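Asker: Here you go, sequence then predicted model.
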Amino acid sequence: MTYSPCQIIGETRQSRFLITCDHAANTVPPDLGGSLGLPVSDMARHIAYDVGAAGMALELGSLLDAPVVLSNFSRLVIDPNRGEDDPTLLMKLYDGSVIPGNRHADAEEKERRLNAYYRPYDAALAKMVAGRDDVAIVAIHSFTPQLHGRPPRPWHVGVLHAAWDARLSDPLIDMLEAEPDLVVGRNQPYPGHLPGDAIDRHALGAGRLNTLIEVRNDLIEEEVGQRHWAARLAPLLEQALAAVTEKEE
């Protein structure tokens, strides 16, 4: 089977929403030998991909009748949610694990990986966001409950946004915070804007509606959790989009 660095599911679906999953896979492409020298246990961790995020994104796309764009390479190969000049684009050490296959990766290898994996995924995103003027991007990620040597993270879900564009995130956060069983983080466990990241590249500069959702990965590592969270988020996203649309009219 021919390798592709990205996958688009439901390309002709009619929803305003576009679901993206930048860290969908822990795949190391065949031209890298299918391995970065890490043990299988490390490649199954959050350092290699966003555990459970792809399944949740696919289910959310199905429920919202929205297209879904998935990466098909590990974030350790090269991170599509970073700017091309970001120092963490090609990680050599991550959460206590040295990445042997990246140890000697130089500028030439970085450029090769940009062309082989990062830029084709970026082009797929660009193609899909250009498909309609009123697109609303929902980026799906997951986070580990605890980084090595750090305190446990208390949030069940985080909603991330740039300081100057919380149009879609604000109503979504309000509705999630109204749920009595949830600990919700605004711009947690990460800052809401990283220059050059996927939302920056494809939403902020063009003024497109956007939000980034982070679900704690122990809640979605199994299919039942992915389905549960997609079913929980889908109606809230629809209500949030309706609230934004009403305000803008």
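Answerer: Sure thing, it's come through.

Asker: for the lengthiest helix in the chain, which positions count as buried?
Answerer: Using DSSP state H to define each element, the chain has its longest helix at helix 223-248. Buried residues in helix 223-248, counted by 16 or more other C-beta atoms under 10 Å: 225-227, 229-230, 233-234, 236-237, 240-241, 243-244. Heads up, the C-betas are built off the backbone N, CA and C, glycines and all.

Asker: any idea how far that helix is from the chain center?
Answerer: 16 Å (C-alpha atoms, centre = their mean, to the nearest Å).

Asker: elements contacting that helix?
Answerer: Judged by 3 or more C-beta pairs under 8 Å, 6 or more residues apart in numbering; DSSP states H and E, helix 223-248 is in contact with helix 53-64, helix 169-177, strand 209-216.

Asker: got the angle between the longest one and helix 223-248?
Answerer: Meaning helix 53-64. Put simply, helix 53-64 runs at 50 degrees to helix 223-248, going by axes from the mean of the first three to the mean of the last three C-alpha atoms, to 10 degrees.

Asker: same check, this time on the last one
Answerer: Between strand 209-216 and helix 223-248, the angle formed by their directions is 150 degrees, by the same axes, to 10 degrees.

Asker: now D85: how far from K92?
Answerer: When C-beta to C-beta, to the nearest Å is the yardstick, D85 and K92 sit 16 Å from each other.

Asker: the more surrounded of the two?
Answerer: K92 (14 against 8; other C-beta atoms under 10 Å).

Asker: Quick one: residues contacting that one.
Answerer: Residues near K92 by C-beta atoms under 8 Å, 6 or more residues apart in numbering: 98-99, 102-103, 105.
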